[in-house]
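1. Have a look at this prediction, sequence included:
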Amino acid sequence: MRGGDEQTGELFSYVDLEARVRRDHPLRSIREIVSAALTIVEPEFAALYSPIGRPSIPPEKLLRAMLLQTFYSIRSERLLMERLEYDFLFRWFVGIGVDDPAWDHSTFSKNRARLLEGYIAAKFLGAVLAQPRVKKLLSTDHFSVDGTLIEAWASMKSVRPKEGPKDGSGEPPAAGGGRNIEADFHGQKRSNDTHASTTDPQARLYKKGKGKEAKLCFLGHGLMENRNGLLVDACLTLADGHGERVAALHMIEPRADRPRAVTLGADKAYDTQDFVNELRAMNVTPHVAQNMSGRRSAIDGRTTRHDGYAVSQRIRKRIEETFGWIKTVAGQDKTKFRGRDRVGWAFTFAAAAYNLVRLPRLIAETG
């Protein structure tokens, strides 16, 4: 007998969210790791919130919701709250009941500054890696480093001279009209010394290589351990020719204080005499790719003759997989924030999310 298409409402209904999420769902394992990490970070939350006044939405729930936004490539907090309104899986992961209303999207904007002030993204990344079952997956001796461009949330049309009128006076007249007017930049000399974006003044003009167009962007940096390819540190700097090497030294320095030498793999952009000497002074072996384009490499036979050098050169390329996930799935290819601090917070949080996606399988494989 064919059933009818009538829709009837139930007078009473009881929904157990725990029962609605299948036992083998990958978010179950991730939620266990996240809950343990948030327990470690809990004292930091207590320091950020006043002990008196109206209770806020728990920061733990905000961070779980932001993780879902990253995992499922949800492009805005408005859409995230819409999804949280009707999705049982999202409600279970965040930790709100079936009858609880979703928050207003502005909640994230109001609390992001507080989380930013407490460096919660970096502390959350550290708390994920500090768990005993995660620590045994990490190499403490062999690392790789690299940087990637994060395009700023600003148009090239917002670039104006630093000196003079901010309305574009002195620039060649634009053709057409309206909000998104036509502009011809051909033949204009623009540099970070003389020009800046009025939308995001901290974004800088930068191009990745010869023949590439200059973009308004930041530089995101990641430090990967070589055993399982997990990110153990991440940061963001202004885009310039020294940013990658300065960030690499900053991230490897806390891990260099060991009786046994640490290795650091990197591509040929890091092959400079100053950088290599700084690493050796830290007791870090520089497994840097040789840049033989018209000059002498800072890496010589003392390093390249060892088998470990070839291994590092092969493994270091895996860091591109982490950047690929962060930029495509986590939506960091073109940031939706302005200012170095906010963009850096989002980049570091995306690095923690990348680790969380990979950890359940790695933990299961190692028992």
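-> Noted; the coordinates are in hand. For clarity, every value in this text was computed on a predicted model and none was experimentally measured.
2. Can you list the low-confidence ranges for the stretch 51-200 of the chain?
-> Residue ranges of the stretch 51-200 of the chain with pLDDT under 70: 164-187.
3. which stretch of helix or strand covers residue 298?
-> Under DSSP states H and E, no helix or strand contains residue 298.
4. Test my guess that it contacts residue 268.
-> No. Using C-beta atoms under 8 Å, residue 298 is not in contact with residue 268, being 10.3 Å away. C-betas here are computed from N, CA, C, even on glycine.
5. These two - which one has more neighbours?
-> A side-by-side neighbour count of residue 298 and residue 268, using other C-beta atoms under 10 Å, places residue 298 first with 19 against 14.
6. so who does that one touch?
-> 271, 272, 273, 275, 276, 277, 286, 288 (C-beta atoms under 8 Å, 6 or more residues apart in numbering).
7. if we can go back for a sec, report the set of residues contacting both of residue 298 and residue 268.
-> Joint contacts of residue 298 and residue 268 (C-beta under 8 Å, 6+ apart) are residue 288.
8. if I look at residue 154, how far off is residue 195?
-> Residue 154 sits at a distance of 12 Å from residue 195 (criterion: C-beta to C-beta, to the nearest Å).
9. Please identify which of the two sits among more neighbours.
-> Each of residue 154 and residue 195 has its neighbours counted (other C-beta under 10 Å); residue 154 has more, 22 against 16.
10. residues in contact with that one?
-> The contact partners of residue 154, taken as C-beta under 8 Å, 6+ apart, are 197, 199, 200, 203, 216, 338.
11. my guess is residue 272 contacts residue 245, does it?
-> Yes. In this structure, residue 272 is within contact of residue 245 by C-beta under 8 Å, at 6.8 Å.
12. Comparing these two, which residue is more hemmed in?
-> Higher neighbour count among residue 272 and residue 245: residue 245, with 22 against 17, using other C-beta under 10 Å.
13. Can I take it that that one is in a helix?
-> Yes. With DSSP: H, G, I helix; E, B strand; the rest coil as the criterion, residue 245 is part of a helix.
14. Can you tell me the element the closest residue to it other than its chain neighbours falls in?
-> The shortest distance from residue 245 to any non-neighbouring residue, by C-beta to C-beta, 6 or more residues apart in numbering, is to residue 275 (4.6 Å). Residue 275 is located in helix 273-281, with elements delineated by DSSP H and E.
15. ditto for residue 139
-> Assigned by DSSP H and E, residue 139 belongs to no helix or strand.
16. contacting residues for it?
-> Residues counted as contacts of residue 139 (C-beta under 8 Å, 6+ apart) are 225, 226, 227, 228.
17. and the chain, what are its domains?
-> Domain assignment for the chain by automatic domain parsing gives 17-118, 139-152+217-337.
18. which one of these is the most hemmed in?
-> domain 139-152+217-337 (a mean of 18; mean count of other C-beta atoms under 10 Å).
19. Endpoints of it, how far apart?
-> Terminal residues of domain 139-152+217-337 are spaced 33 Å apart (C-alpha to C-alpha, to the nearest Å).
20. Enumerate every residue touching the nearest residue to residue 364 once chain neighbours are set aside.
-> Counting by C-beta to C-beta, 6+ apart, residue 29 is the residue found nearest to residue 364 once chain neighbours are left out, at 7.8 Å. Residue 29 makes contacts with 359, 360, 363, 364, as judged by C-beta under 8 Å, 6+ apart.
21. can you list those residues in CSV and add neighbour count and distance to residue 315?
-> Output for the contacts of residue 29, formatted as CSV (neighbours: other C-beta atoms under 10 Å; distance: C-beta to C-beta, whole Å):
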residue, neighbour count, distance to residue 315
359, 22, 19
360, 16, 22
363, 17, 21
364, 9, 22
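22. Tell me which stretches of the stretch 151-300 of the chain form strands.
-> For the stretch 151-300 of the chain, the strands defined by DSSP state E, counting those that start in this stretch cover 159-161, 195-197, 204-206, 215-225, 231-238, 262-266, 284-288.
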